[in-house]
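Asks: Quick one, what's the 3D model for this:
(one chain, ligands or ions: 2)
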Amino acid sequence: MNNQLSDKINSVTPSATLEMAAKARELRGLGKDIIGLSLGEPDFNTPDYIKDAAIQAVKDGYNSYTPVDGYVALKDAIITKFKRDNNLTYERNQLVVSTGAKQALYNVAQVILNKGDEVILPCPYWVSYSDIVKLADGVPVEVPTSITTDFKMTPAQLESAITPKTKMLWYSSPCNPSGSIYSENELRALADVLQKHPQIIVVSDEIYEHINYGVTTHASMASFADMYDRTVTVNGVAKAFAMTGWRIGYIGAPAYIARACNKLQGQVTSGANCIAQRAVITALIESPSRVNYMVDEFKGRRTLILDLLNAIDGFKCNEPEGAFYVFPDVSAYFGKTLQGTAINNASEFAMYLLEKANVATVTGDAFGNKNCIRISYAASEKEIREAIARIEKVLV
Ligand code: PMP
Ligand code: GLU
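Replies: Ligands and ions are numbered 1, 2, ... in the order given. Presented below is the predicted three-dimensional model:
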């Protein structure tokens, strides 16, 4: 039978992060000693006080469908969190809880975009943004940045990327993959440009908010009064609370957008998992300082990996201020032959590291940057040391 798949799914690129993680798993299954630095997944256990809340929810008989947009008690916890951490005021009808921040982003794209609408993505961007936009028939418009601006988009770049078809701007801060954080002043300068273009909606992905190493204070676009009604704030518990597999994310948004996401979700998932939602109430109500021990650990690993990488000729790193990735520019290796293998681009470089050094990273292409690779340091110091030593060995 011919391939009966839709043009839409045929046009989608598989998630490079998940694909690389699967490849690493497969090679491990074949007996190879692979160090996985490809996936953005904390190597910590979910804290006990959150697990206990889930166990209690099971015992208390939470087993039914939840309201499509999330338990009221969870929405109230999200309201508390937004007020406490971001000075943002949301009402229940402005919130939607989803199966991960990924679904939250997917919902927003589906309810806002019409065919051909343009979405500005400052590069590097998180790997799934462009395909989520394409799945909604939108057109990703990549705005290249480089290490010289700490991978941040300038107001002038934003201005020149805007066309009459621009419908949205999407970014993450702290950024996956660069770790850059837009300061309040930098966001204000972008907001000033957007003032001239009232049709543009902003998606501010703040999922790494708590993984901040203290150089730049986290700021939310929606905290500007003139941006509040046109900003969707996306967050979730996967990263800061080591809850990737629990699959809970959420948005705070203008009520009409939340209502539309609710309608869509009602036809797609019927709502997020009930036990996970109960656990997240505890995660959000408790002080975020309870998970500082993970941030402190990531901070130490960041220093370690930067020291190790900066000692390698040919690796150029910015200093990530948040998240748990480094995004070194490795273009110095392009055009070279390493141990008999020609390296022409970042994909070939990442593949070379996997095959020759047994270290899994992700090519920058997947994030809209052709010169870099992404290395996750959500791994033990021992693994980081071993991985970088192996990388160094295959670069001569
Ligand atoms: N946004 C960014 C920037 C991410 O790195 C991720 C990674 N998972 C997500 C959203 C999706 O998060 P979740 O696991 O909650 O779907
Ligand atoms: N966000 C993580 C990453 O960038 C998890 C994988 C994914 O969802 O793509 O590696």
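
Asks: going forward, measure contacts between C-alpha atoms and count neighbours the same way
Replies: Fine.

Asks: quick one: is stretch 267-278 near ligand 1?
Replies: No. Against ligand 1, stretch 267-278 shows no contacts by Cα under 6 Å from any ligand atom, the least distance being 11.5 Å.

Asks: Any idea what Gly252 is bridged to?
Replies: Beta-bridge pairing for Gly252 (DSSP bridges): Leu95, Thr233.

Asks: That one: neighbour count?
Replies: When neighbours are counted by other Cα atoms under 10 Å, Gly252 registers 28.

Asks: For Tyr90, give me its contacts.
Replies: Residues near Tyr90 by Cα atoms under 8 Å, 6 or more residues apart in numbering: Ile79, Phe82, Gly252, Ala253.

Asks: how close does it sit to Ala191?
Replies: 20 Å (Cα to Cα, to the nearest Å).

Asks: Name the SS class of Glu209, please.
Replies: coil (DSSP: H, G, I helix; E, B strand; the rest coil).

Asks: Pretty sure it sits against Cys175.
Replies: No. Between Glu209 and Cys175 there is no contact, the gap being 9.5 Å when judged by Cα atoms under 8 Å.

Asks: wait, which of the contacts of Tyr90 is closest to Cys317?
Replies: Closest approach to Cys317 among the contacts of Tyr90 (Cα to Cα): Phe82, at 32.6 Å.

Asks: Helix or strand: which one has that closest one?
Replies: Taking DSSP states H and E as the criterion, the element that holds Phe82 is helix 72-86.

Asks: again with Ile281
Replies: Using DSSP H and E, Ile281 maps to helix 274-285.

Asks: just to revisit the earlier point, now do the helix holding Phe82: distance to the chain's middle.
Replies: Centroid displacement of helix 72-86 relative to its chain, using Cα atoms, centre = their mean, to the nearest Å, is 21 Å.

Asks: likewise stretch 218-237?
Replies: Chain-centre distance of stretch 218-237: 16 Å, with Cα atoms, centre = their mean.

Asks: Restricting to C-alpha, output it in CSV.
Replies: Provided in CSV are the C-alpha atoms of stretch 218-237 (Å, rounded to 0.1, in the frame of the first residue of the first chain):
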residue,chain,number,x,y,z
HIS,A,218,13.9,36.6,36.0
ALA,A,219,11.4,38.9,34.3
SER,A,220,8.0,38.2,32.7
MET,A,221,6.8,40.0,29.6
ALA,A,222,3.2,39.9,31.0
SER,A,223,4.3,42.0,34.0
PHE,A,224,4.3,45.1,31.8
ALA,A,225,0.8,46.5,32.0
ASP,A,226,0.8,47.3,28.3
MET,A,227,1.8,43.7,27.4
TYR,A,228,-0.4,41.7,29.8
ASP,A,229,-3.4,41.4,27.5
ARG,A,230,-1.3,40.1,24.6
THR,A,231,1.1,37.7,26.4
VAL,A,232,0.7,34.0,27.1
THR,A,233,3.0,33.0,30.0
VAL,A,234,4.0,29.3,29.7
ASN,A,235,5.4,27.4,32.6
GLY,A,236,5.6,23.9,34.0
VAL,A,237,7.1,21.7,36.7
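
Asks: quick check: mean pLDDT across it?
Replies: Mean pLDDT, stretch 218-237: 98.

Asks: and what of stretch 16-30?
Replies: For stretch 16-30, the per-residue pLDDT averages 91.

Asks: I am finished for the moment; much appreciated.
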